[in-house]
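S.K.: generate coordinates for the sequence data below:
(chains A, B, C and D)
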Number of protein chains: 2
Amino acid sequence: MAHAAPKTQPVKTAAFPGVGHDHSHCLEDALDHAGQICTDSGARLTALRRRVLELVWSGHRPLGAYDILTALKTERRNAAPPTVYRALEFLLQQGLVHRIECLNAFVGCPDPDTPHGGQFLICRDCGLSAELNDDTVDQAIRNSAAQAGFTIARKVIEIEGQCPNCQKAEM
Amino acid sequence: MAHAAPKTQPVKTAAFPGVGHDHSHCLEDALDHAGQICTDSGARLTALRRRVLELVWSGHRPLGAYDILTALKTERRNAAPPTVYRALEFLLQQGLVHRIECLNAFVGCPDPDTPHGGQFLICRDCGLSAELNDDTVDQAIRNSAAQAGFTIARKVIEIEGQCPNCQKAEM
DNA sequence: CCTTTAAATGATATAATATAACATTATACA
DNA sequence: TGTATAATGTTATATTATATCATTTAAAGG
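M.R.: Prediction:
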């Protein structure tokens, strides 16, 4: 039966990067976007900042500032904590990276064109994160805050658990 | 016109503790709850743990571990970081306090009877936090995660902004 | 082009948050 | 009461983040 069981189709996992996805494309894309955004806004994407962005984008795994620093030091002997934190601060301001509070870590934003808070799924097994932007979630929160008479400045939405790939791997 | 303008009624601010609320009641309530919960589960709410819980409940403002330590040291000269972190770990496990990731701080749970993640409104002006548990938000997130094939272990939902009291104060 | 000014980076020190590891004391319970 | 386990004491150190001042680089106007 060639065209049997549609129920055995793999679960849709759009949000998480596939195991064999072409990451060089993600990286190029992120750098191109960053260049464009900074050109448009007049912000200066210096070599250092660009390099830190590349390091953040070395994968879809949120990286700690000191992880980035360690990598950076192999190229710039004089890199120090402020070197990294300043670059990250810039990248955060430009919306090019997000900070993951529950990990004290940073991850590239796949869609930096429109400012947004970001909703994150974070896998405890493999460490990968995926950014959602579900408007239903957003609206529910806006409603809830409005009912309490609260004015929102920033939303931290970080969901820890197990990603589809790691669920499969367990079986 | 004695019964004019209903539109001038104060905004409903149920979630945030009123300026003059009877906090001693909050505190007693929390301690009673804690005693009950630990008795039921067989967990040991020692004097130290109970005292740390009291300190966390000294207000509705999330406190850092070292804030708690400073307070604790006035009574126990030998208190050290592990003293506080261990007590907090216990209290977190029992669901008696929550950790606010974006502040590296801890706040008492007003409703520890049923385990829950907690959704927080955090005022940047006065530092107070209010815990929501809006099922609409919760469901939206569960849906969103399910669509991505993601299994949820823990949710971090922290909304920073301005509380109703501080909005009024600005006028 | 030069100068002035602002922005970015270098460099050093230290603050703030959190945990590891082992010793000692208290509690439960057989 | 003795023994095992849990809790706490104690010291050291890891991890994350920022303050401060010096130096270099880039931008903008004359």
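S.K.: ok, the nearest residue to residue A:51 once chain neighbours are set aside - contacts?
M.R.: Here the nearest residue to residue A:51 in space, its sequence neighbours aside, is residue A:72; by Cβ to Cβ, 6 or more residues apart in numbering or on different chains that works out to 7.0 Å. Quick note: C-beta positions are derived from backbone N, CA and C, even for glycine. If a contact means Cβ atoms under 8 Å, 6 or more residues apart in numbering or on different chains, then residue A:72 has A:51-52, A:55, A:79, A:83-84 as its contacts.
S.K.: phi and psi next, for residue A:72.
M.R.: With angles defined as degrees, to the nearest 10, residue A:72 sits at phi -70, psi -30.
S.K.: rewinding a little: restricted to helices, list the contacts of residue A:72.
M.R.: Under the assignment DSSP state H, those contribute A:51-52, A:55, A:83-84 to helices.
S.K.: now render those as JSON lines, adding distance to residue A:120 and pLDDT.
M.R.: Below are the ones in helices among the contacts of residue A:72 laid out as JSON lines (distance: Cβ to Cβ, whole Å; pLDDT from 0 to 100):
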{"residue": "A:51", "distance to residue A:120": "24", "pLDDT": "98"}
{"residue": "A:52", "distance to residue A:120": "20", "pLDDT": "98"}
{"residue": "A:55", "distance to residue A:120": "19", "pLDDT": "98"}
{"residue": "A:83", "distance to residue A:120": "26", "pLDDT": "98"}
{"residue": "A:84", "distance to residue A:120": "21", "pLDDT": "98"}
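S.K.: out of those, which is most surrounded?
M.R.: Neighbour counts for those (other Cβ atoms under 10 Å in any protein chain shown) peak at residue A:52, which has 28 neighbours.
S.K.: quick revisit: of all pairs in the ones in helices among the contacts of residue A:72, which one is the farthest apart?
M.R.: Put simply, by Cβ to Cβ the two of the ones in helices among the contacts of residue A:72 set farthest apart are A:55 and A:83, 11.7 Å from each other.
S.K.: on that earlier part again, greatest separation within the contacts of residue A:72: which pair is it?
M.R.: Across these, the longest distance by Cβ to Cβ is 11.7 Å; it joins A:55 and A:83.
S.K.: give me the number of residues near residue A:93?
M.R.: By the measure other Cβ under 10 Å, the count of residues near residue A:93 is 11.
S.K.: now it: how far from DNA strand C?
M.R.: Distance, residue A:93 to DNA strand C, using Cβ to the nearest atom of the strand, to the nearest Å: 10 Å.
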